[in-house]
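>>> predicted model follows, preceded by the sequence.
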Amino acid sequence: MNYLKPSTVEEATELLGSSQGMILAGGTDACVYMAEGFCDPETLIDIGAIDSLRGIETQPSDDGDVLWIGACTTISEIEASEALPRALRQGAHAIGSPQIRNLGTIGGNICNASPCGDTLAPLLSLEARFVLRSATGTRTVESADFFTGPKQTVLQAGELLECIDLPIDSCEWISAFRMIGNRNGQAISQVNAAVSTKLEGGVIQAMRAAVGSVAPVPLRLPQLEGALVGKTLQSVQWADLKAPIMAEIRPIDDVRSTATYRQELAVTLIFDALMDCARQDESARKGADT
Amino acid sequence: MNLHFICNGQAVQIDVEPNARAIDVLRDVLGLTGTKEGCGRGECGACTVLLDGKPVNSCMVLAGKLEGRTVLTIEGVAGADGSLHPIQEAFLDVGAVQCGFCTPGMVLSTKALLDENDSPTIDEIEDALSGNLCRCTGYGKIVDGVLEASERLAQGTQEHGAKP
Ligand SMILES: Cc1cc2nc3c(=O)[nH]c(=O)nc-3n(C[C@H](O)[C@H](O)[C@H](O)COP(=O)(O)OP(=O)(O)OC[C@H]3O[C@@H](n4cnc5c(N)ncnc54)[C@H](O)[C@@H]3O)c2cc1C
Ligand code: FES
Ligand code: FES
């Protein structure tokens, strides 16, 4: 096997273009695939040592300021960053164990494109944009358009994910993430969900919700989002959420759980995440009063 | 490939296949068999080592990733004269070790925790050890061991006045 370790993105995209090798970031998914014999790449391109692919910072862009996250930023760094929205940090914390989070990267979680990846629903709910780069140029894709099926994305041969852009205003909304078994170190999500809300005096001005593991790709829930605008967060009931969520999700029966269970779970997790937002809003307003 | 890294404080230079796993380099090339292999899939934590001070699963790290970095294995935790580290002593004294297979990984995860947080809560300890499975102890004694170690380390620093 060839093992290549470029030190710049330019070098990486050139190697990727010429060798059609497989990208290795943190390696936590790739090592399992190799150990299981699911893949046996001829060439590995290890992008984990490229400094410019790592970090979290505010940057100007054509559509206003964005919070820039390098693709090779580790899951631990995401979890620890106070600059990032709560839903994304909670999603990062739900991944694997400290050991896995110290190795795994956010770019790896995205490109691995598992329907249950724990940063994906948060990224969709924050309207993250993904910057894809090849030897010939870059293009930007909305997170909601990036996933095309389980383990499938719009990434083309020769392209890598360079960074994630979070629109600054979405970072100012109140957000939360939930999965089943949050405190269970290694539990893979059966369903996960993220919401982000723009509130004024406790009233929902706008909201975005996304769920994972209830369809071949992580999904935004526009019907639910529309149904809740104008309500106070405190007045939202579990039963209000059920119909708009059921209308949009397509869970499957599999070894981990049944479709019916996943449907009920999706409703409960979204409800729970909204209540987390309500508590954050309440304590922020109390803090502002005193 | 020719690989250079620091292992347990010593500079190492070896020739290995870059796609060999770090755990195999440590155990089979360097003879550091304190690092254990349980699952080989990132799930059990028996293979935990500290990479630049942070716990990682050495079965999930390819050798090529070690270039220029610093690794601590269980062999590097005890003193040069073989005296046990306070974490190891605390584990033995409270009965946190039964068969011992998980112990090297538990000790390294504990070290990484206590290096950053000298008085962790039980929740913080459980979080820090969530990637280390133990089939024997039921975990209670291991949590006790970490608490005991944190107290001993705090006392040690007071007595020696070393760290603020
Ligand atoms: C024990 C264990 C528990 C886990 N638990 C969870 C969990 O709870 N939740 C969860 O979501 N995941 C979990 N994972 C999966 C994994 O840790 C995460 O998906 C992690 O974020 C992957 O990142 P990585 O850098 O290690 O990816 P890698 O293994 O390096 O790469 C994954 C895939 O993405 C491609 N890739 C990586 N980076 C890029 C890039 N920048 N551009 C283009 N392609 C790229 C690679 O070619 C590969 O196909 C777990 C894994 C293990 C082993
Ligand atoms: S052997 Fe590495 S985690 Fe189990
Ligand atoms: S003491 Fe036997 S596995 Fe932990």
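Sure, I can see it. Ligands and ions are numbered 1, 2, ... in the order given.

>>> from chain B, which residue is nearest to ligand 1?
Going by CB to the nearest ligand atom, ligand 1 is nearest to B:Gly42 of chain B, at 3.1 Å. In short, each C-beta sits where N, CA and C put it, glycine included.

>>> my guess is that residue contacts B:Met60. True?
Yes. Counting by CB atoms under 8 Å, B:Gly42 touches B:Met60, with 4.6 Å between them.

>>> overlap of the contact sets of the two?
Common neighbours of B:Gly42 and B:Met60, using CB atoms under 8 Å, 6 or more residues apart in numbering or on different chains, are A:28, A:31-32, A:99-100.

>>> got a markdown table for these, with secondary structure too?
Converted to a markdown table, the shared contacts of B:Gly42 and B:Met60 look like this (DSSP: H, G, I helix; E, B strand; the rest coil):
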| residue | secondary structure |
| --- | --- |
| A:Thr28 | coil |
| A:Cys31 | helix |
| A:Val32 | helix |
| A:Gln99 | helix |
| A:Ile100 | helix |
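
>>> which residues are in contact with whichever strand or helix holds A:Met34?
Secondary structure from DSSP states H and E places A:Met34 in helix A:30-36. Helix A:30-36 has contacts (CB under 8 Å, 6+ apart) with A:22, A:24, A:39-41, A:44, A:108, B:21, B:40-42, B:59-62.

>>> before we move on, the earlier item: farthest-separated two in the shared contacts of B:Gly42 and B:Met60?
A:Val32 and A:Gln99 (13.5 Å; CB to CB).

>>> those two - which one has more neighbours?
Neighbour totals were compared for A:Val32 and A:Gln99, and A:Gln99 leads with 32 against 16 (other CB atoms under 10 Å in any protein chain shown).

>>> quick one on the thing from earlier: list the residues that contact both of A:Val32 and A:Gln99?
Counting by CB under 8 Å, 6+ apart, the shared contacts of A:Val32 and A:Gln99 are B:42, B:60.

>>> just the helices in chain B please.
Here chain B has its helices, by DSSP state H, at B:22-24, B:86-94, B:103-116, B:122-128, B:140-160.

>>> quick one: residues contacting B:Thr121.
Taking CB under 8 Å, 6+ apart as the test, B:Thr121 contacts no residue whatsoever.

>>> show me how chain B divides into domains.
For chain B, automatic domain parsing gives the domain ranges B:2-76, B:86-154.

>>> coming back round to it: filter the contacts of helix A:30-36 by proximity to ligand 2?
Applying CB under 6 Å from any ligand atom, the subset of those adjacent to ligand 2 comprises B:40, B:42, B:59.

>>> and stretch A:87-99, end to end?
21 Å (CA to CA, to the nearest Å).

>>> does the helix or strand of chain B with the lowest mean pLDDT reach ligand 3?
Across the helices and strands of chain B, mean pLDDT, DSSP states H and E gives its lowest value to helix B:140-160, namely a mean of 90. No. Helix B:140-160 does not reach ligand 3 (CB under 6 Å from any ligand atom); its nearest approach is 7.6 Å.

>>> what packs against that helix?
Identification of packing neighbours for helix B:140-160 by 3 or more CB pairs under 8 Å, 6 or more residues apart in numbering or on different chains; DSSP states H and E yields helix B:86-94, helix B:103-116, helix B:122-128.

>>> is it true that A:Glu162 lies in a strand?
Yes. In this structure, A:Glu162 lies within a strand as judged by three-state DSSP.

>>> against B:Thr137, how distant is the residue nearest in space to the middle of chain B?
Nearest residue to the geometric centre of chain B (CA atoms, centre = their mean): B:Leu108, 2.0 Å. According to CB to CB, to the nearest Å, B:Leu108 stands 17 Å off from B:Thr137.

>>> go on, A:Asp65?
51 Å.

>>> repeat for B:Gly82
The separation that B:Gly82 has from B:Thr137, given CB to CB, amounts to 25 Å.

>>> neighbour-wise, which of the two wins?
Each of B:Gly82 and B:Thr137 has its neighbours counted (other CB under 10 Å); B:Thr137 has more, 20 against 6.

>>> tell me which residues touch the more buried one, please.
Contacts of B:Thr137 (CB under 8 Å, 6+ apart): B:95-98.

>>> of those, list those near ligand 3.
B:97-98.

>>> among the contacts of B:Thr137, the buried ones, what's the PyMOL command?
To isolate the buried ones among the contacts of B:Thr137 in PyMOL, judged by 16 or more other CB atoms under 10 Å in any protein chain shown, type:
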select buried, chain B and resi 96+97
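
>>> just give me the closest of the contacts of B:Thr137 to A:Ser76.
Among those, and counting by CB to CB, the member closest to A:Ser76 is B:Ala96, at 25.4 Å.

>>> for the closest one, which non-adjacent residue is closest in space?
B:Gly145 (3.4 Å; CB to CB, 6 or more residues apart in numbering or on different chains).
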